[in-house]
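Asks: starting from these lines, generate the structure:
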Amino acid sequence: MKIIDLICAPGRTGFYFDDQRAIKEGATPDGATYQGEPVTPGFTAVRQAGESISLLFLLEDGQTAWGDCAAVQYSGAGGRDPLFLAQNFIPFIEKHLRPLYVGKEITTFREMSDELEHMQVEGKRLHTAIRYGVSQALLDAVAKSQHKMMCEVVAQEYGCKLSDQMIPIFTQSGDARYDNADKMIVKQAQVLPHALINHVATKLGQKGELLEEYIRWLRDRILALRTDESYAPVLHIDVYGTIGLLLGNDNYTAMADYLARLEQAAAPFQLRIEGPMDAEGREAQMEALKALTALVDVRGIGVEIVADEWCNTLEDIKYFADNKAGHMVQVKTPDLGSVSNTVEAVLYCKEKGIGAYQGGTCNETDRSAQVCVNLAMATQPTQILAKPGMGVDEGYMIVYNEMQRILATAKAKKLI
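Replies: Numbers count the residues shown, from 1 in each chain. Okay, here's the model as predicted:
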């Protein structure tokens, strides 16, 4: 089967582009936006509307295969590709990619994805957001040409077994970390709440006391609201490097002491801390996470460390996993480019005994979230992010419902 046309449509994402460096340097919240000047190249405001591009392949049998090009909330930060704006990249796609795909024969996902990953225009690789969206459309095209679900194609081509149960879903609260926690508990989200602890003075506390108080509140809230005593979610908090800002990026003893305090605050629930420090570079970040992880393990502290910043590409993830820089690695799907890299990253982490968190960003779309569910049902990571958005209900619904549809279809087809 051939692709007979490529169409682009501009879209909105489920959240915003935020200038992370400007926020760290003191931009102040103002309602749903921020006051302050942007500092990351490409930004015209500290917060601006998230944008996407729907990329559609028209197939010769009349079907349409599609994916969404999208980039993370904190674009341009932590070694990532620059801001992704539809008005800049639709002309690029139509000029450089449309001629390559119109009339192209659909083969296998791995073959077509590998070709995409190595594609260059004027000596440069394609923006991660473009590779992300095009690869989704390619996976869908292969699946439609074979009359299969996307997860079936991934499982077949990578030698995986489809999951016969739900993958734990991680919900994120944004700044509404109290009200949104209630939504998560009512819906019995398995991992929560993310919490967006991205500022020392107002969220972590000058002695770390604000986060500790929040974790105690969260623990008590779960115990008070749960209707089933077997409901015991993992508490996963993203601190955006603020612990390192407060205590020093290489002050591992002080950080371990603080994590031990947080562990007690979270008990009896498992606690994960994502991004305890931001060492401002790949090598430095790996070494810092490796040292802290080792110290936490030696001291028997039950907190799991999650790698995120400066661990963006498939090569980065392998590097961090090989060095045990964290107990878990976030596979931040848009940062990896082609979704084939997400598949390989999850499988590599599992092979190395490192937790695989198939994440992404609140700044994605419903379509990219659905495709990512298909990847997860084939590769079975430790957890998958509910996305897009920070409202909890919408992202959780999209991921949960897609997972249930896959399970029901797989059972009907006797695949599981």
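Asks: in stretch 353-364, what's buried?
Replies: Ile354, Gly355, Ala356, Tyr357, Gln358, Gly359, Gly360, Thr361, Cys362, Asn363, Glu364 (16 or more other CB atoms under 10 Å). No exception for glycine: its C-beta is placed from N, CA and C like everyone else's.
Asks: again, but for stretch 306-316
Replies: Applying 16+ other CB under 10 Å to stretch 306-316 flags Val306, Ala307, Asp308, Glu309, Trp310, Cys311, Asn312, Thr313, Leu314, Asp316 as buried.
Asks: and of these, the nearest to Lys413?
Replies: Closest approach to Lys413 among those (CB to CB): Leu314, at 30.8 Å.
Asks: wait, that closest one touches Ala345, no?
Replies: Yes: using CB atoms under 8 Å, Leu314 is in contact with Ala345, at 5.3 Å.
Asks: which SS state does the most centrally placed residue in the chain fall under?
Replies: Geometric centre of the chain, nearest residue: Gly360, 1.6 Å, by CA atoms, centre = their mean. Judged by DSSP: H, G, I helix; E, B strand; the rest coil, the three-state class of Gly360 is coil.
Asks: if I look at the closest residue to it other than its chain neighbours, how far off is Val134?
Replies: Nearest non-adjacent residue to Gly360, counting by CB to CB, 6 or more residues apart in numbering: Thr333, 4.3 Å away. Distance, Thr333 to Val134, using CB to CB, to the nearest Å: 14 Å.
Asks: can you list contacts of the helix or strand in which Glu283 is found?
Replies: In this structure, Glu283 sits in helix 282-298 according to DSSP states H and E. Helix 282-298 has contacts (CB atoms under 8 Å, 6 or more residues apart in numbering) with 79, 244, 249-250, 252-253, 255-256, 259, 276-279, 303, 305, 307, 309-311, 316, 319-320, 323-327.
Asks: weed out the non-buried ones from the residues you listed.
Replies: Buried among these (16+ other CB under 10 Å): 79, 244, 249, 252, 255-256, 259, 276-279, 303, 305, 307, 309-311, 316, 319-320, 323-327.
Asks: point out the ones among those residues that are inside helices.
Replies: Mapping the buried ones among the contacts of helix 282-298 onto helices (DSSP state H) picks out Gly244, Tyr252, Met255, Ala256, Leu259, Asp316, Tyr319, Phe320.
Asks: just those now: which is nearest His147?
Replies: Asp316 (36.2 Å).
Asks: what sits against that closest one?
Replies: Applying CB under 8 Å, 6+ apart, the residues near Asp316 are Arg282, Trp310.
Asks: number the residues from 18 up from this point.
Replies: Okay, using 18 as the starting number, the last item reads as Asp333.
Asks: quick check: it vs Ala362, distance?
Replies: Relative to Ala362, Asp333 is positioned 9 Å away (CB to CB).
Asks: on that earlier part again, more neighbours, Thr350 and Val151?
Replies: Each of Thr350 and Val151 has its neighbours counted (other CB atoms under 10 Å); Thr350 has more, 31 against 27.
Asks: per-residue confidence at Ala386?
Replies: With respect to pLDDT, Ala386 scores 98.
Asks: where's it relative to Arg148, distance?
Replies: 17 Å.
Asks: show me the helices in the stretch 168-317 of the chain, by range?
Replies: Remark: helices assigned in the stretch 168-317 of the chain by DSSP state H, counting those that start in this stretch are 196-203, 226-242, 259-264, 269-283, 299-315.
Asks: give the buried residues for the second one.
Replies: The reference is to helix 226-242. Buried residues in helix 226-242 (16+ other CB under 10 Å): Leu227, Leu228, Glu229, Tyr231, Ile232, Leu235, Arg236, Arg238, Ile239.
Asks: next one: that helix to chain centre, how far?
Replies: Centroid separation for helix 226-242 versus its chain: 25 Å, with CA atoms, centre = their mean, to the nearest Å.
Asks: how about stretch 295-312?
Replies: 20 Å.
Asks: would you mark the buried spots in that stretch?
Replies: Neighbour-count burial for stretch 295-312 [16+ other CB under 10 Å]: Asp295, Ala296, Arg299, Gln302, Met303, Ala305, Leu306, Lys307, Leu309, Thr310, Leu312.
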